[in-house]
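Q: Build the 3D model from these lines:
(chains A and B)
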Amino acid sequence: MIASLRNDLRFALRMFVKNPFFTAMVVGTLAVGIGLNTAVFSGIEALLLRPLPGVRAPDEIVQVYRSYTTGMKYGSNSIPHYFDVRDRSKDVFAGVALWSFEDLSISAGDHPQRILGQLASANYFSVLGVRAARGRTFLPEEDVGRGAHPVAMLSDAGWHALFGGDTNVVGRRIPVNGQTVEIVGVTPPGFRGALPLVDPMLWMPLMQLGQVRPGQEALFDKRSNNSWIVIARLAPGVTAARAQARMNVLVEQLRHEYPDDYMDSGINLVRQADAGTHPTMRTAEVGLSAVIMGVVAILLLIACVNVANLFLARARDRALEMAVRLSLGAQRRALVRQLLVESLVFATASGVAGLLIAAWAIGLANQISLPIDAGFSPDLRLSPMVLLFTIGVTVVTAVIFGVAPAWQATRPDLIPALKGEAPAGQPRSRMRGGLVVAQMALSIILLVCAGLFLTNLKAATTIDKGFVSEHRLTASFDPALQGYTPAQTDEFYRRITADLKANPSVVAVGFIDQLPLSLGENDRGVQIPGYVPAKNENMSLYTADATPGYFAAMGIPLTAGREFTERDDSAAVPGLIINQKFADRFWPGRSAIGQIVKTARKDRTVIGVVPTGKYQRLGEDAAPFMWMAHAQHWNAGLTMVVSVNGDPAAFIPTLRAQVRALDPNLPMVNVQTLDKHMGIALLPARLAGAVLGIFGLIGLLLASVGVYGVMAYSVSQRTREIGIRMAIGAAQRDVIRLVMRQGLTLVVIGVGIGLAGALGASRLLQSVLYGGQLLDPPTFVGVPLLLIAVSAFATWIPSRRAAALDPLIALRHE
Amino acid sequence: MAPNGNGTPLIKLESIKKVFYTDEVETHALIDVHFAIAKGEYVAISGPSGCGKTTLLSILGLLDTPSGGEYDLAGESVARLTPVDRARVRNRQIGFIFQAFNLIGDLTVAENVELPLTYREMAASERKDRVAKALERVQMSHRAKHFPAQLSGGQQQRVAVARAVAGDPAILLADEPTGNLDSKNGEAVMELLRELNQNGSTICMVTHDARYAQHADRTVELFDGRVVEAAAV
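A: Residues are numbered from 1 along each chain as shown, chains lettered A, B, ... in the order given. This is a model prediction of the structure:
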């Protein structure tokens, strides 16, 4: 058996190098399919399957969420709550750590810059099982004593980006938010904290909260501030279910101790492997991944069909060889094995070439930069799991494109084949015709899915977002990080507003704590006097803090009431501006102006109503939204919106100059046009559009090449028949009609079957489409017409060649 | 009929019929064919084009099955053999020599000769030994590493003969073995077959050329699918 396999392999290698053009066609076609599948899978591996990199025993890590009877299942935590969980669950957790993302102002070189860092409890690294590559991690004593531990850990990425990999970095002192901290260590390469896809630059101990968030030390004791992420490592032998049961008991205890905070809430544990970036995004991530993986799988199938057709053509040419082998006593299974070994050799070469294509595509994907200041780094790579996937795909590919030709090739019509006569072609024609039909059907499914997705995304991007993005600039500041007091911060905002308004190009200026359609969300529980929520009704609603001038700067009209003014200060009655959806939900058919909303520990009066827009995603359903006056719900970090006449990008230097004139050291980030900011919201659409568009075009190209190949081969096989037809009087147009009818009949059958398949596939897509139309007529009509037109062209070329045959030469053709 | 030494013919055909069906047309290629070949015998089957010679040889070589009648090979009926058994019999008991040589162009001379042996799960050393001996018999040892395209027609046919005898089969079936050769090379191949027969090989050769039929011990004459004459040469 081994000797036979060795013989098969030797012969297969000989066949591989025998016809370089054939080999290039096969390897090139399959490499595209295998490469794209590998590249897409590497994305899925990074997003959904890869354990936290650099973390010891990541299976033991769980995310600790707050859950609410209002419907939220994966809420963040407060610091006091974290202390309770940490100190009262030592029987089920080996350790519990807390962290949060933080914007930090740091001076590692000549100029201050804002970077993405994290505040973390001192046990963060020990819970994750990470040791320092240089220096040390945080010490247990650094979890005690507020403001007493001005130290920092650098990530490997931060070490290189901020300090150029300086080997003497440990012990260096650098200003962070205006205070000096000592760098005590660097984490190992690959470790990026407790969240996939994002590279923080630096960690500081939780005890330095006052330094990282000036004026917010009160959060240490504030149970209502649920903005912290908590992770835990299960104690040895403890299951997640047992830990969850323990958490349920803990919640009961906390409910007695803090009834206001735990009346409607509990603790929800989710294994890190199941949580990924966040459980709420998991369904969308899985759905989108499945769609793209399905699309590239279809692409690979189309490539396999093309290659199967090439092998079928070659099988016909090798009929004599197979007949000789059979006549010499070869068992059919031995021949099938031999041909499958040949397929495997071609597939292996294609797999290797596919890996090169995947490496190239992965390199491109890793360079994608999001229009956000979040250190996004997808870190796609050809990991062992991805390589294993590629090997699997390669073997499956070999079987898919190899089996049918092997089956066909080992059933030659022995006697005519041995005499070198052309075998009867009927069965082979049926199989090759069947492959064309399959190819067309797969192409239709691929193209219709891509078309539906693109149409749907386009619809999502052209919908009314509730504000005007043209002629607007944005820039983000956090003066507190530079040591500004609240009064100095307000003064800065007032002066920059006044300076800008003095410029004749500026129409309006306003500030908001978070622009709409950014990543992230703020929501806050509300109570409406006189309104009794239904059981499990979500009373936690989206909110933002806005300054006077914000709505004018964003081009958001007021449908009732007024905008915030300077009079809405901390001494005034707290005011609230809401959107129409908010008004319709709580006061249908009535005026919302003057109504009271209890939120953020105050009664706030509705002073204005604006039309409902889009706040989180372009495809979201209409959601209630409320804006509090910034002066009445203060925080230091804001994003400025400037409405200008003319090109907003041209105004950026003026904006920078005006800010520098006030404070040359104040970091300013995300200085861009509002249109560019929209890139965040449009990113999924643009990425999916680009990916699906490219995949669709490749599919179309493969399908048309496949049809051309089959028809060209068919014409070459029918040369003598065509010669006879021409000899007895067929005109050129008759020959063209004959060949095109044969090709297009197969195409139309395939298109029909494909449309039925696409209908089924579109139902599967429903979960990831933005509520668009499944039976989109332009897609279901346009795609088949496009495919038929391209196929007609691919058929017309060989039909022209057939019509140009010299009957005399054709009649002599064997 | 000339029986072999122990009285049982190596090949025995009784009332063999072969009918081809195409659409609504029945073509009777062989009609009630009786004959036998004894071990060590050299038989020529001759007749005009379309008389059924190749069909008969295909049935003898288990490449095709008769529509009726009995075919015994070495005393065993082949009627109930499974496709796997038929392949095994072809591999061990029958050696083919084709008009168009039918060497595999992507294999060397030695690999072509070795081919039937590779389907026997035979040890590599024994295969090499047999290949060397077979090539020596046809005086083609010096071309062992060449590919068929590098050989003349006569040389290719000698390699095909080597391939046929390498497995030491019970009978050699030759289908117009000189059909693609000039007269000089044709004579050389006929001489080679004569030598093989003299050394004990049983040979059944299809030819329409009376000159070559004379090399055989006897001739079976076919006409319109029937045996019209079986005569010693």
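Q: make it CA atoms for all contacts and neighbour counts henceforth
A: Will do.
Q: What are the boundaries of the strands in chain B?
A: With DSSP state E as the criterion, chain B has strands at B:11-22, B:25-37, B:42-46, B:68-73, B:76-77, B:94-97, B:171-175, B:202-207, B:218-223, B:226-232.
Q: With mean pLDDT as added columns, please give those strands in TSV.
A: Formatted as TSV, the strands of chain B follow (pLDDT from 0 to 100):
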stretch	mean pLDDT
strand B:11-22	91
strand B:25-37	91
strand B:42-46	93
strand B:68-73	94
strand B:76-77	91
strand B:94-97	92
strand B:171-175	93
strand B:202-207	93
strand B:218-223	92
strand B:226-232	76
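Q: what's the pLDDT at the residue in chain B that chain A sits nearest to?
A: Distance from chain A to each residue of chain B (Cα to the nearest Cα) is smallest for residue B:91, at 3.9 Å. In the predicted model, residue B:91 carries a pLDDT score of 92.
Q: And the contacts of stretch B:129-147?
A: Residues outside stretch B:129-147 that contact it (Cα atoms under 8 Å, 6 or more residues apart in numbering or on different chains) are B:105-110, B:113-114, B:155, B:158-159, B:161-163, B:165-167, B:192.
Q: Show me just the buried residues among the residues you listed.
A: B:106-110, B:113-114, B:155, B:158-159, B:161-163, B:165-167, B:192 (16 or more other Cα atoms under 10 Å in any protein chain shown).
Q: Spell out the secondary structure type for residue A:99.
A: strand (DSSP: H, G, I helix; E, B strand; the rest coil).
Q: does it have beta-bridge partners, and which?
A: Here residue A:99 sits in beta bridges with residue A:120, residue A:229, as judged by DSSP bridges.
Q: tell me the contacts of it?
A: A:118, A:119, A:120, A:121, A:124, A:206, A:228, A:229, A:230.
Q: Now the first one: phi and psi?
A: Listed backbone geometry of residue A:118 is phi -140, psi 140, with angles given as degrees, to the nearest 10.
Q: I figured it was touching residue A:199, is that so?
A: No: if you go by Cα atoms under 8 Å, residue A:118 and residue A:199 don't touch, sitting 10.2 Å apart.
Q: closest one to residue A:603 among the strands of chain B?
A: strand B:11-22 (95.0 Å; Cα to Cα).
Q: Which neighbouring elements make contact with the closest one?
A: In terms of contacts (3 or more Cα pairs under 8 Å, 6 or more residues apart in numbering or on different chains; DSSP states H and E), strand B:11-22 is packed against strand B:25-37, strand B:68-73.
Q: Make TSV from those and add distance to chain A and mean neighbour count to it.
A: Formatted as TSV, the helices and strands packed on strand B:11-22 follow (distance: least, Cα to the nearest Cα, whole Å; neighbours: other Cα atoms under 10 Å in any protein chain shown):
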stretch	distance to chain A	mean neighbour count
strand B:25-37	14	17
strand B:68-73	16	19
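Q: Would you format those as a markdown table with distance to residue A:160 included?
A: Shown next, in a markdown table, are the helices and strands packed on strand B:11-22 (distance: least, Cα to Cα, whole Å):
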| stretch | distance to residue A:160 |
| --- | --- |
| strand B:25-37 | 85 |
| strand B:68-73 | 83 |
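Q: can you tell me which of those comes nearest to residue A:338?
A: Among the helices and strands packed on strand B:11-22, strand B:68-73 sits nearest to residue A:338 (Cα to Cα), with 30.1 Å.
Q: so that closest one versus strand B:11-22, what angle?
A: 140 degrees (axes from the mean of the first three to the mean of the last three Cα atoms, to 10 degrees).
Q: in its sheet, what does strand B:68-73 sit against?
A: Short version: by DSSP bridges, strand B:68-73 pairs with strand B:11-22 (antiparallel), strand B:76-77 (antiparallel).
Q: three-state assignment of residue A:63?
A: Residue A:63 ends up strand, using three-state DSSP.
Q: avg pLDDT for stretch A:648-668?
A: 88.
Q: swap that for stretch A:365-377, please
A: 68.
Q: Would you state the helices of the stretch 551-700 of chain A in chain order?
A: With DSSP state H, counting those that start in this stretch as the criterion, the stretch 551-700 of chain A has helices at A:580-586, A:652-662, A:674-677, A:679-717.
Q: now for the shortest one, which elements pack on it?
A: Counting contacts by 3+ Cα pairs under 8 Å, 6+ apart, helix A:674-677 packs against strand A:472-477.
Q: outside of the strand it packs on, which residues touch it?
A: Under Cα under 8 Å, 6+ apart, the answer for strand A:472-477 is A:553-554, A:637-644, A:648-649, A:652, A:666-675.
Q: can you check stretch A:27-39 too?
A: Against stretch A:27-39 from outside (Cα under 8 Å, 6+ apart): A:293, A:296-297, A:299-300, A:303-304, A:306-307, A:346-347, A:349-359, A:361-362, A:386-387, A:389-390, A:393-394, A:702.
Q: Please report phi then psi for the closest residue in space to the residue of chain B closest to chain A that isn't next to it in sequence.
A: Once flanking residues are discounted, residue B:91 sits nearest to residue A:329: 3.9 Å by Cα to Cα, 6 or more residues apart in numbering or on different chains. For residue A:329, the backbone dihedrals (degrees, to the nearest 10) come out as phi 100, psi 10.
Q: wait, doesn't residue A:329 sit right on residue B:93?
A: No: Residue A:329 lies out of contact with residue B:93 (Cα under 8 Å); the separation is 9.6 Å.
Q: Done for today, thanks.
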